[in-house]
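Chemist: Below is the sequence, then the predicted model.
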Amino acid sequence: MRASFQEELNLLEATLQEEGAFVLRALRGALNALEQRDAELADEVIAFDDDVDDRYLRLEEGIQTLFARQTPVAGDLRLVLALLHMNLHLERMADYCVTIAKLAKLVPEVDPGPRFVEGFEEMGSRCEEMIRVALDSFRDRDLAAAESLVDLDELIDRANRRVVKRVLELGEDPALREYGIWMVIVSRALERIGDHAVDIGEQTSYLLTGQFREFTDASHPQPREV
Amino acid sequence: MSSTQRDTISVDVAPVEIAQRRNVTAPEQLDAVFDVRDLGVHYGASTAVSGVNLEIYRNLITAMIGPSGCGKSTFIRCLNRMNDLVPSARVTGQVLYHGQDLYGSGVDPVEVRRRIGMVFQRPNPFPKSIYDNVAWGPRVLGMRKGLDERVEKALRGAALWDEVKDRLKKSGLSLSGGQQQRLCIARAIAVEPDVLLLDEPASALDPLATASIEELMHELKRDYTLVIVTHNMQQAARVADMTAFFSLEVGDGTRTGVLVEYGPTDKVFTNPTDKRTEDYVTGRFG
């Protein structure tokens, strides 16, 4: 039994979970900054990205060392490869949180009505749920939970389409229209975060089954083996 | 239809699919050199190996891996009847070589060993010249015509010619360990075998000599079918097309080698089917 190797694997997995928890904090901060028009909080979210990047780099380096020195195979190999991909997905999610925080500082002082803000709160909550499901299903090695991310993602996609529709209904006022354009980008960022959560679920599926499989694919509406 | 209208995209293949269409021959297209059926090897009352079923395919490198004492060396010795030389050994089951039972009546063990050559863990050149080491087999078998060419061809085949062509009369023992092992491979291929069995051919060699033997194996598989026993799992992962994992079944005072899993090497090292294989290749057992 390679005790130190197992410890290194455990440490890498714990670092990934920590990075995931950081992404959840960044997302909550970005949503609050947007909702409350809190520029200070937005700046905090932007600065906090350094902490996410720190975990990202630690994982990258740890994985590099593990490949160089331990030559993982079989289940260990699949775990390390899955960590490598999940790490990148989490880092991208954090970047989208930064995008939302930056936009929170740009939005003009207009009142688009409560439905708008509620819409984002709903999308944001669903994103948080998806990130939790992605991280927990990986931790618990739970294939069914990982696969459930597809259904959760569909809800975010629908919400994204609703935002676009509401933006089109905002009318002629230039300030409202500018607001609407920024909000389309926010909505898109949240939708992408959901996609990355699904991708993490796919990595869990690969880890557990040894099969690379996209849960959904725009060019192949039915789930398929690739 | 206007000329500016885009053609419908009809290519229904994602890049990942192209990348995954690897140049691997499907098992049904492979030509089985050996078909081993329910093979068992017994030494007196004890059973060393039992219940082995597998096919070994032409022009592939097949690796046998497993913990010490699991019977992998015993197994490959059955493939050229080397176990005949152990008085207490008894082989049960069948080893079909191109469809013919190797242990059938009327099969000449010497002819079997000409067709199915063997290279051992420790290089064991004869205390003779480099030339005579390689020429020995052909001479014994009466292949005396064009002996010089035959020796050169074998030494070239073993990637040793350029290093020894100017000192063929020097002793085989004057060579380095890696060179001696390649000399043994040259000796084995000089009699134009069909199969080469390699029993831990690099375990007594340094990393550079090991790399040259592994490189040579890739060259040799164009002309021969190779079966290698190795303790070095990474060596199996590097060189083998197919990998067989043997393990020990410990019973009431008995220890028997069994074949646990056999499949394409990348499957065995990325997604093994059996938990025992997973535990062994990841270093959690053995």
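Modeler: Everything's here; your move. The model shown is predicted, which means the values in this text are computed figures rather than measured ones.
Chemist: show me the contacts for the residue in chain A that chain B sits nearest to.
Modeler: Of all residues in chain A, the one sitting closest to chain B is A:G210 (3.1 Å; CB to the nearest CB). The way it works is simple: take the backbone N, C-alpha and C, and place the C-beta from them, glycine included. A:G210 makes contact with A:R78, B:T270, B:N271, according to CB atoms under 8 Å, 6 or more residues apart in numbering or on different chains.
Chemist: and if you look at B:R187?
Modeler: Taking CB under 8 Å, 6+ apart as the test, what B:R187 contacts is B:P125, B:N133, B:V134, B:W136, B:G137, B:A154.
Chemist: By neighbours, which of those residues wins?
Modeler: Within these, B:V134 tops the neighbour count with 32 neighbours, counted by other CB atoms under 10 Å in any protein chain shown.
Chemist: and it, that one's in a strand?
Modeler: No. Looking at B:V134 with DSSP: H, G, I helix; E, B strand; the rest coil, it is helix, so not inside a strand.
Chemist: quick one: it and B:L226, what's the gap?
Modeler: Computed as CB to CB, to the nearest Å, the B:V134 to B:L226 distance reads 19 Å.
Chemist: Over to A:A145?
Modeler: 46 Å.
Chemist: For those two, indicate the residue with more neighbours.
Modeler: B:L226 (24 against 16).
Chemist: how about the strands in the stretch 51-200 of chain B?
Modeler: B:61-65, B:89-97, B:100-101, B:116-119, B:195-199 (DSSP state E, counting those that start in this stretch).
Chemist: Which residues does stretch B:85-95 contact?
Modeler: With CB under 8 Å, 6+ apart as the test, stretch B:85-95 has contacts from B:34-44, B:52, B:78-79, B:83, B:101-103.
Chemist: Just the buried ones out of these, please.
Modeler: Buried members of those, counted by 16 or more other CB atoms under 10 Å in any protein chain shown: B:34-36, B:39-42, B:52, B:78-79, B:83, B:102-103.
Chemist: Not counting its neighbours along the chain, what's nearest B:P123?
Modeler: Using CB to CB, 6 or more residues apart in numbering or on different chains and skipping residues adjacent in sequence, the residue nearest B:P123 is B:Q180, 3.5 Å away.
Chemist: In chain B, which residue sits closest to chain A?
Modeler: Taking CB to the nearest CB, chain A has its nearest neighbour within chain B at B:N271, 3.1 Å off.
Chemist: need the helix or strand of chain A with the lowest average pLDDT.
Modeler: Lowest on mean pLDDT, DSSP states H and E among the helices and strands of chain A sits strand A:224-225, with a mean of 50.
Chemist: Give the other helices and strands that the helix or strand A:F138 falls within contacts.
Modeler: For A:F138, the enclosing helix or strand under DSSP states H and E is helix A:114-139. Using 3 or more CB pairs under 8 Å, 6 or more residues apart in numbering or on different chains; DSSP states H and E, the elements in contact with helix A:114-139 are helix A:3-36, helix A:74-106, helix A:143-147, helix A:149-168, helix A:174-209.
Chemist: tell me the angle the longest one makes with helix A:74-106.
Modeler: For helix A:174-209 and helix A:74-106, the angle between their directions (axes from the mean of the first three to the mean of the last three CA atoms, to 10 degrees) works out to 170 degrees.
Chemist: ditto for the first one
Modeler: Our comparison of helix A:3-36 with helix A:74-106, counting by the same axes, to 10 degrees, yields an angle of 20 degrees.
Chemist: Please point out which parts of helix A:3-36 sit buried.
Modeler: Neighbour-count burial for helix A:3-36 flags A:5, A:8-9, A:12-13, A:15-20, A:22-24, A:26-34 (criterion: 16+ other CB under 10 Å).
Chemist: can you check the second one too?
Modeler: Residues A:74-84, A:86-105 are the ones in helix A:74-106 that count as buried (16+ other CB under 10 Å).
Chemist: Close to chain A: what parts of the stretch 151-286 of chain B are there?
Modeler: B:233-234, B:237, B:268-272, B:277-278, B:281-285 (CB under 8 Å from any CB of the partner chain).
Chemist: from the buried ones among the contacts of stretch B:85-95, which are also near chain A?
Modeler: Near chain A, judged by CB under 8 Å from any CB, there are no entries from those.
Chemist: taking the residues you listed one by one, which sit in helices?
Modeler: Residues from those lying in helices, with DSSP state H as the criterion: B:C78.
Chemist: What is the burial count for B:L208?
Modeler: Number of residues near B:L208 (other CB under 10 Å) recorded here: 10.
Chemist: and it, what does it touch?
Modeler: The contact partners of B:L208, by CB under 8 Å, 6+ apart, come to B:G178.
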